[in-house]
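J.: Structure for this input, please:
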Amino acid sequence: QVQLVESGGGLVQTGGSLRLSCTFSGRTFSSYSMGWFRQAPGKARLFVARISWSVGSTYYADSVKGRFTISRDNTKSTVYLQMNSLKPEDTAVYYCAASKAVVPSTWDYDYWGQGTQVTVSS
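T.: Residues are numbered from 1 along each chain as shown. So this is what the prediction gives:
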């Protein structure tokens, strides 16, 4: 069974940076595409970014493009989300997810982590 554990969340000021990590276990990490999602209080969960397993292609939501970077280290079974130029509207619980699809559609994910809180103060 796949397990995903996020870490790296916290409180940061507007304009600051954080790097989230998600550690994968239970299967072969390099065979899974990985995604990051976020959910603000009282709002729906939204897609943030994804990275495919095959060639590492990436895709971002317009709201984070140019500020966030998703990457993966297959030797560490870990996916990262580098978040720069953070804004108060980035405040949310951030979740990582794993998909067996080469290029998963927005919600085509098989496993989810428990989330890590990111709070950006103004």
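
J.: what pLDDT does the residue found closest to residue 25 once you drop the neighbours it is linked to in the chain get?
T.: Closest residue in space to residue 25, ignoring its immediate chain neighbours: residue 3 at 4.9 Å, by C-beta to C-beta, 6 or more residues apart in numbering. The C-beta positions use only the backbone N, C-alpha and C, and glycine is treated the same way. The model reports residue 3 with a pLDDT of 97.

J.: Now do residue 3: how many residues are near it, please.
T.: Neighbour count for residue 3, taken as other C-beta atoms under 10 Å: 13.

J.: now it: how far from residue 38?
T.: Computed as C-beta to C-beta, to the nearest Å, the residue 3 to residue 38 distance reads 20 Å.

J.: what's the answer for residue 74, then?
T.: To residue 38, residue 74 is 24 Å away according to C-beta to C-beta.

J.: Those two - which one has more neighbours?
T.: When residue 74 is set against residue 38 and neighbours are counted by other C-beta under 10 Å, the residue ahead is residue 38, at 24 against 14.
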